[in-house]
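Chemist: what's the 3D shape of this:
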Amino acid sequence: LIDRAGRLWVGGRGGLLRLRAGPGPRVFETVALGAVQRPFVSRLFEDRVGRLVVGTADQGAAVRDPDGAVRFLRPQPGQPDGLSHFYVYGITEGPDGEIWVATFGGGVDIVDEKTLRVVDRLRHDPAAPTTIPGDRVGGLLRDRAGLMWVGSWGQGLARHDPSSRAFGALRYGPGRAEGLSHPAAVRALEMRDGTLWVGTNGNGIDVFDWNRGRIGAHRPAASDQGALADGSITCLAQSANGAVWVATLDGTLHVRQPGRSRFERISVGSGLPGGPIRSLAFGPDGAVWAGSNEGLARIDRASLKVVTYRHDPKDEGTLSGHEVEALALGGDGTLWVGTGNGLNALDPVTGRVVRITREPGRSSGLPNNWVPDIMVASDGRLWVATQGGAVILKLWDGRTATFEDVASRLGRAPEPVELPNYVSPTPT
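Modeler: The predicted structure is shown next:
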């Protein structure tokens, strides 16, 4: 978390850490929470008055004032000031001076930001369909319209209208015309028109209106060239011109152009490398980059012409691996490509690649060759997740990459990073 004063806070098994300000080495210092020296910090949040709200995995939550004073919200379900569970999994601000605290087993606690007293507890009630879908809550979000969203583990997603404590859950049910059409919702994207597209793992896409529920759908029909070729969605993204791009498990890429109601298909027959598409990214020229199990493709936005990039063990200027796991576009135009066998820096102009792979004995190199996720942060730095831990690109001269190990900065041993194949943040 970077607070409004520009300070970097990090939480984990080693407690609460803060990057030391001022000149000198960039090191982290441990920040105690009262008598608790090294809690297992699970969540960090800065509220509207500048306080740091710290969620832990075993001791509830703590509120740290700007002057360093700390007050605790301990797991005491029977007490007015107590949380419903010891494991805090999410924190956000609700309406009217509320702090919402999600727990892994006790639902959601609503805390008054002034008194820090729990003013309401939102729990699942199987007899009441307007309660949250489950008490193991994994995420909280307040959207632009002020509605609150609660994601549960295995029980669906719920929407809350601040004018009441009732929820509208997006759940699957054969008789629920307004809910999910399939029990597995694997991708979601908020469109520019305000609708929510939810990709399922077998029945295509459900389209939701925030107030009216499911208002439309895009279903698979292999024989209909204007429909989805397959019902299992692997990627959803919307480009700057409003076009919607959808990848399905059979390896087909679909595009719905602005003002159109039907899709155009791009497949192996069109030039795609083949295999399920795992990641999408957009270039500054509007081109779409698609990474799949069998390589990388560039699709021209206007003509839909495909150029394919593959691994060739005899050519060092090609991708270092067949399976493309993640994509991210750098500020200098470099396309960073994470694969199952290393990181790659691709020049979109020449199409040539510089391979970056693990070098045994080089501590500042890539720690492992499996790169399941990458991200270009707001400050332009490249963050790389590997099986050997996370690193930040520190220096890049076009040939050699020097990385900074995140675990070392935190003063802890590296841990494997295993992340699902999300759509690159660039498209959304």
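
Chemist: can you tell me the SS state at Ser408?
Modeler: helix (DSSP: H, G, I helix; E, B strand; the rest coil).

Chemist: how much space between it and Val27?
Modeler: For Ser408, the distance to Val27 equals 10 Å [C-beta to C-beta, to the nearest Å]. To be clear about C-beta, it is placed using only N, CA and C from the backbone, and glycine gets the same treatment.

Chemist: next: Glu113.
Modeler: For Glu113, the distance to Val27 equals 33 Å [C-beta to C-beta].

Chemist: returning to what we had before: okay, Ser408 and Val27: which has more neighbours?
Modeler: Ser408 (13 against 10; other C-beta atoms under 10 Å).

Chemist: what is the burial count for Pro183?
Modeler: Neighbours of Pro183 (other C-beta under 10 Å): 14.

Chemist: helix, strand or coil for it?
Modeler: Going by three-state DSSP: Pro183 is coil.

Chemist: thought it was touching Pro174?
Modeler: No: look at Pro183 against Pro174 with C-beta atoms under 8 Å: they stay out of range, at 10.3 Å.

Chemist: so who does Gln257 touch?
Modeler: Residues in contact with Gln257 (C-beta atoms under 8 Å, 6 or more residues apart in numbering) are 243, 264.

Chemist: run through the bridge partners of Arg355.
Modeler: Beta-bridge partners for Arg355, by DSSP bridges, are Asn344.

Chemist: surely it meets Glu316?
Modeler: Yes: using C-beta under 8 Å, Arg355 is in contact with Glu316, at 6.4 Å.

Chemist: quick one, which of those two is more surrounded?
Modeler: Arg355 (18 against 11).

Chemist: ok, now how distant is the more buried one from Leu366?
Modeler: Using C-beta to C-beta, Arg355 is found at 10 Å from Leu366.

Chemist: hey, what's in contact with both of these two?
Modeler: Overlap of the contact sets of Arg355 and Leu366 (by C-beta under 8 Å, 6+ apart) consists of 342-343.

Chemist: now for Leu346, how many residues are close by?
Modeler: Here the number of neighbours of Leu346 (other C-beta under 10 Å) works out to 24.

Chemist: that one and Arg298, how far apart?
Modeler: Separation of Leu346 from Arg298 (C-beta to C-beta): 9 Å.

Chemist: identify the contacts common to these two.
Modeler: Joint contacts of Leu346 and Arg298 (C-beta under 8 Å, 6+ apart) are Tyr309.

Chemist: residues in contact with the spatially closest residue to Thr357 that is not a sequence neighbour?
Modeler: Nearest non-adjacent residue to Thr357, counting by C-beta to C-beta, 6 or more residues apart in numbering: Gly342, 3.8 Å away. By C-beta under 8 Å, 6+ apart, Gly342 lies in contact with 320-321, 355-358, 366, 369, 371.

Chemist: ok, and the most crowded of those residues?
Modeler: Greatest neighbour count in the contacts of Gly342, by other C-beta under 10 Å, goes to Val371: 29 neighbours.

Chemist: what about the closest residue to Gly179 other than its chain neighbours, how many residues nearby?
Modeler: Closest residue to Gly179 apart from its sequence neighbours, by C-beta to C-beta, 6+ apart: Arg171 at 5.1 Å. A count of nearby residues for Arg171, using other C-beta under 10 Å, gives 18.

Chemist: start the count at 29, not 1, going forward
Modeler: From this message on, residue numbering opens at 29, which makes the last subject Arg199.

Chemist: report the contact partners of Arg199.
Modeler: Going by C-beta under 8 Å, 6+ apart, Arg199 touches 161, 183-185, 207-208.

Chemist: for stretch 119-133, which outside residues touch it?
Modeler: 71-73, 75-76, 81, 83, 89, 101, 111-118, 136-142, 147, 163-170, 174, 176, 178, 181, 190.

Chemist: mark which of the residues you listed are buried, thanks.
Modeler: Applying 16 or more other C-beta atoms under 10 Å to the contacts of stretch 119-133, the neighbour count classes 71-73, 81, 83, 89, 101, 111-118, 136-139, 141, 163-166, 168, 170, 176, 178 as buried.

Chemist: what segments of the stretch 229-378 of the chain are strands?
Modeler: All strands of the stretch 229-378 of the chain, identified by DSSP state E, counting those that start in this stretch, fall at 233-237, 241-246, 261-266, 272-276, 281-284, 292-294, 305-310, 316-320, 323-327, 334-337, 352-357, 363-367, 370-374.

Chemist: any chance of TSV for the ones you listed, columns distance to Gln415 and mean pLDDT?
Modeler: Converted to TSV, these look like this (distance: least, C-beta to C-beta, whole Å; pLDDT from 0 to 100):
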stretch	distance to Gln415	mean pLDDT
strand 233-237	32	93
strand 241-246	35	91
strand 261-266	22	96
strand 272-276	24	97
strand 281-284	28	98
strand 292-294	31	97
strand 305-310	16	96
strand 316-320	18	97
strand 323-327	21	98
strand 334-337	23	97
strand 352-357	11	96
strand 363-367	11	97
strand 370-374	12	98
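
Chemist: per-residue pLDDT, Gly174?
Modeler: On pLDDT, Gly174 comes in at 84.

Chemist: low pLDDT regions in the stretch 279-428 of the chain?
Modeler: Within the stretch 279-428 of the chain, not a single segment meets pLDDT under 70.

Chemist: picking up where we left off before, identify the contacts common to Pro211 and Pro202.
Modeler: With C-beta under 8 Å, 6+ apart as the test, Pro211 and Pro202 reach no residue in common.

Chemist: partners of the helix or strand hosting Leu421 in the sheet?
Modeler: Secondary structure assigned from DSSP states H and E places Leu421 in strand 417-424. Using DSSP bridges, strand 417-424 pairs in its sheet with strand 410-414 (antiparallel), strand 429-433 (antiparallel).

Chemist: can you tell me the SS state at Pro157?
Modeler: coil.

Chemist: coming back round to it: any chance of TSV for the contacts of Gly370, columns distance to Phe132?
Modeler: Listed next are those as TSV, based on distance: C-beta to C-beta, whole Å:
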residue	distance to Phe132
Ser348	39
Gly349	36
Arg383	41
Ile384	37
Thr385	38
Arg386	35
Leu394	34
Asn397	33
Val399	29
